[in-house]
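Trainee: what's the 3D shape of this:
(2 chains)
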Protein chains: 2
Amino acid sequence: MSIPFTVTILGSGGALPVQGKNPSSQYIQIGNTGVLIDAGEGVQTQLLKFGISHHKISYVFISHLHGDHYLGLMGLLFSMHLSGRKQDLHIWSHTGLDEIILIQLKHAGSVLSYPVHFHHLVRDQSETILDTENFSVTTLPLKHRIPCSGFLVKEKTGPYRIKKESIPAEMKLQHLVQLKSGTSVFKENGEILYELENHTLPPHPVKSYAYCSDTAPDENIAGLIRGTDLIYHEATFMSSDEKRAAETFHSTAAQAAGIALKANAGRLMIGHISARYKEQSLLLEEAKAVFPETFVASEGMVLDLRRLSD
Amino acid sequence: MSIPFTVTILGSGGALPVQGKNPSSQYIQIGNTGVLIDAGEGVQTQLLKFGISHHKISYVFISHLHGDHYLGLMGLLFSMHLSGRKQDLHIWSHTGLDEIILIQLKHAGSVLSYPVHFHHLVRDQSETILDTENFSVTTLPLKHRIPCSGFLVKEKTGPYRIKKESIPAEMKLQHLVQLKSGTSVFKENGEILYELENHTLPPHPVKSYAYCSDTAPDENIAGLIRGTDLIYHEATFMSSDEKRAAETFHSTAAQAAGIALKANAGRLMIGHISARYKEQSLLLEEAKAVFPETFVASEGMVLDLRRLSD
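Mentor: Next comes the predicted model:
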């Protein structure tokens, strides 16, 4: 059994609210670990709506300090506190979020019931910021009006998968472990005892997910996320508003698709579509003309990385 | 015609979110002026939902700096900015909100498109903080864990109402103005020309609304809001949890009703009910046993001060 690896869309709207749409936020479940990427206003209500307990969240990654990407975090932190959370919470962001949070705790007269660890992202540089048993998180420098980073979540190669029916009852545990690690077992005289391919299947393929919002189109990003199974890339504007996109350091749907194409991605999910467009299908068509495997993010959508391209 | 005076409930939940309920926020329309009292997370979405343009809001009053009473303000300010607002916005709160807002603007790299004026509330003291042509706003010192104030919104006496059918065509404008101000018109020789009661009806009765959240029960509040037409008073707990209410500087439903009774209020609206109670009707019953004219606030409710007790 491979571990679960799913992305739930909590919000995928643009900067200005539209009724029934929430600002950027995504919940990733990978193994037993919960990861929150961005936390737009209302994120705690969205978690509640989709039946995701905030107790599951261990890591929070905030791409940048524009309100539609982090304003829901403070409410979530307060609710974790009111619910008596004890376990550590790690938060990554560009400089400033710690100051914003600490000042609000001060004026609320609150000392959180759990430890929060703030980590600062580095601007204009890709670095691996989290490395766990099951997955790693690497930053993607994005091009926005203020310091902004995307995130590449990549699982690690799992064990070789034992073919149960092929395992004799007398096999020693140490030999089983050796097979799982991908090595055949030999006798002292050099003869083969258990041959890897007779007793195992190769590990599940490693899956990866890239989150790129907000940003002007940047080919360097494509280089960093080559072969990623699923890319979320902002598509704030249509090509007809490309000038406005450039002025505001955002992308058009076609530009987002261009990045997915260059990255040779499995699938592309677009979002952060400006409230000015009533018909999201037009942006989808524009993107699909460049990269056919595109779809539009919508709230409550659960993307199973195992099933997307298997 | 008297001017409109309505209160729209945007959110009336407690500190912890419950699905489908928003934290504290109310919109008051008085004459042509829009007033926002408290701004819990999601307030801008609630305004959108109930068809209230945020352009109408000129004054914002924040009772205290616990998250469920102000966390939606920053998103609203950003949206006003993105919508190109130009007109001034006045915000009253206890010390700290200006710091919280300015630090977020700094990290977002944003300079708002409109002037914001911050006003600090004074702790433990009632004062009139706004005095317009149509209404005044007076603070109500509340008893909470951190500095907290309620607000009494009181309209001003309008003009004497002219009985149109009684006005002769030859009446001079200055005499009409005099009648409206409540004075009969006399000739130079002292004889009566237009007697007030023949040509006018008395002004519409003055209406008032008091907002009291969050607070432990305090009889001093009742003294400050005597005869108020409608009181909103928090009722976080039931009497069975009175100890917990006291520890957290909140009120029970019965205590809220006790304040309304002492104040000789017209009606009492309770809210901020803890998420622990699934049956709000139990809190309502408890309050009605003390003050029968009680109801529970619910989102989207529009209370017309003219019709409540006319």
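Trainee: hang on, isn't residue A:99 packed against residue B:103?
Mentor: Yes. Counting by CB atoms under 8 Å, residue A:99 does reach residue B:103; the two are 6.1 Å apart. Using the backbone N, CA and C atoms, a C-beta is placed for each residue, glycine as well.
Trainee: mind checking how far stretch A:287-301 is from the chain centre?
Mentor: Offset of stretch A:287-301 from its chain centre (CA atoms, centre = their mean, to the nearest Å): 16 Å.
Trainee: Need the distance between the two termini of that stretch.
Mentor: With CA to CA, to the nearest Å as the measure, stretch A:287-301 spans 19 Å from end to end.
Trainee: can you list the residues that contact it?
Mentor: A:8-12, A:21-22, A:46, A:49-50, A:232, A:235, A:253-254, A:256-258, A:260-261, A:265-271, A:273, A:280, A:283-284 (CB atoms under 8 Å, 6 or more residues apart in numbering or on different chains).
Trainee: gap between residue A:225 and residue A:279?
Mentor: 28 Å (CB to CB, to the nearest Å).
Trainee: What is the three-state secondary structure of the residue of the stretch 151-300 of chain A found nearest chain B?
Mentor: Nearest residue of the stretch 151-300 of chain A to chain B (CB to the nearest CB) works out as residue A:275 at 9.4 Å. Secondary structure for residue A:275, judged by DSSP: H, G, I helix; E, B strand; the rest coil, is coil.
Trainee: Apart from its chain neighbours, what residue comes closest to residue A:109?
Mentor: Nearest non-adjacent residue to residue A:109, counting by CB to CB, 6 or more residues apart in numbering or on different chains: residue B:146, 4.6 Å away.
Trainee: ok so, going back, if you count surrounding residues, which of residue A:225 and residue A:279 has more?
Mentor: Applying other CB atoms under 10 Å in any protein chain shown to residue A:225 and residue A:279 shows that residue A:225 carries more neighbours, namely 26 against 10.
Trainee: got a list of what the more buried one touches?
Mentor: A:140, A:152, A:208, A:210, A:212, A:231, A:263, A:265.
Trainee: same deal with residue A:16?
Mentor: When contacts are counted by CB under 8 Å, 6+ apart, residue A:16 touches A:274, A:275, B:79, B:82, B:83.
Trainee: do residue A:250 as well
Mentor: By CB under 8 Å, 6+ apart, the contact list for residue A:250 reads A:214, A:215, A:216, A:234, A:236, A:237, A:244, A:272.
Trainee: Let's verify it: helix, strand, or coil?
Mentor: coil.
Trainee: Repeat that for residue A:242.
Mentor: Residue A:242 - assigned by three-state DSSP - is helix.
Trainee: My guess is it contacts residue A:252. True?
Mentor: Yes. Counting by CB under 8 Å, residue A:242 does reach residue A:252; the two are 5.3 Å apart.
Trainee: If you count surrounding residues, which of those two has more?
Mentor: Using other CB under 10 Å as the criterion, residue A:242 and residue A:252 rank with residue A:252 on top: 24 against 16.
Trainee: show me the contacts for that one.
Mentor: A:217, A:235, A:236, A:237, A:238, A:239, A:241, A:242, A:245, A:286.
Trainee: sorry, back to before: which SSE is the residue nearest to residue A:109 in?
Mentor: Using DSSP states H and E, residue B:146 maps to neither a helix nor a strand.
Trainee: now swap in residue A:23 and tell me
Mentor: Applying DSSP H and E, one finds residue A:23 in no helix or strand.
Trainee: so what's residue A:19 scoring on pLDDT?
Mentor: pLDDT for residue A:19: 80.
Trainee: Give me the secondary structure label for it.
Mentor: From three-state DSSP, the assignment for residue A:19 is coil.
Trainee: any idea how far residue B:46 is from it?
Mentor: Going from residue A:19 to residue B:46 by CB to CB gives 10 Å.
Trainee: the more surrounded of these two?
Mentor: Neighbour count, other CB under 10 Å: between residue A:19 and residue B:46, residue B:46 has more, with 23 against 9.
Trainee: Disregarding residues adjacent in the polypeptide, which is nearest to the more buried one?
Mentor: Residue B:46's closest residue in space is residue B:10 (CB to CB, 6+ apart), at 4.0 Å.
Trainee: I'd assumed that neighbour was in a helix, is it?
Mentor: No. Looking at residue B:10 with three-state DSSP, it is strand, so not inside a helix.
Trainee: what sits against it?
Mentor: Going by CB under 8 Å, 6+ apart, the list of residues near residue B:10 reads B:22, B:25, B:26, B:27, B:40, B:43, B:46, B:47, B:50, B:299.
Trainee: Also residue A:65?
Mentor: A:93, A:94, A:96, A:97, A:100, A:146, A:147, B:104, B:107, B:108 are the contacts of residue A:65 under CB under 8 Å, 6+ apart.
Trainee: for it, phi and psi?
Mentor: Main-chain dihedrals, residue A:65, degrees, to the nearest 10: phi -100, psi 40.
Trainee: Look up how far residue A:177 lies from it.
Mentor: For residue A:65 relative to residue A:177 (CB to CB), the value is 46 Å.
Trainee: so how far is the first residue of stretch A:285-301 from its last?
Mentor: End-to-end distance of stretch A:285-301 (CA to CA): 20 Å.
Trainee: ok, the helix or strand hosting residue A:138: who's next to it in the sheet?
Mentor: Take DSSP H and E as the rule and residue A:138 turns out to sit in strand A:135-141. The pairing partners recorded for strand A:135-141 under DSSP bridges are strand A:128-131 (antiparallel), strand A:149-155 (antiparallel).
Trainee: Comparing those strands, which comes out most buried?
Mentor: Burial of those is given as mean neighbour count (mean count of other CB atoms under 10 Å in any protein chain shown); strand A:149-155 ranks first at a mean of 24.
Trainee: how about the residues of the stretch 1-150 of chain A that lie near chain B?
Mentor: A:15-19, A:41-42, A:44-45, A:48-49, A:65-68, A:71-72, A:74-75, A:78-79, A:82-83, A:95-97, A:99-100, A:103-104, A:106-109, A:145-146 (CB under 8 Å from any CB of the partner chain).
Trainee: Make a PyMOL selection of whichever of the residues you listed turn out to be buried.
Mentor: With 16 or more other CB atoms under 10 Å in any protein chain shown as the burial test, the buried ones among the residues of the stretch 1-150 of chain A next to chain B are selected in PyMOL as follows:
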select buried, chain A and resi 15+16+17+18+41+42+44+45+48+65+66+67+68+71+72+74+75+78+79+82+96+97+100+103+104+107+108+145+146
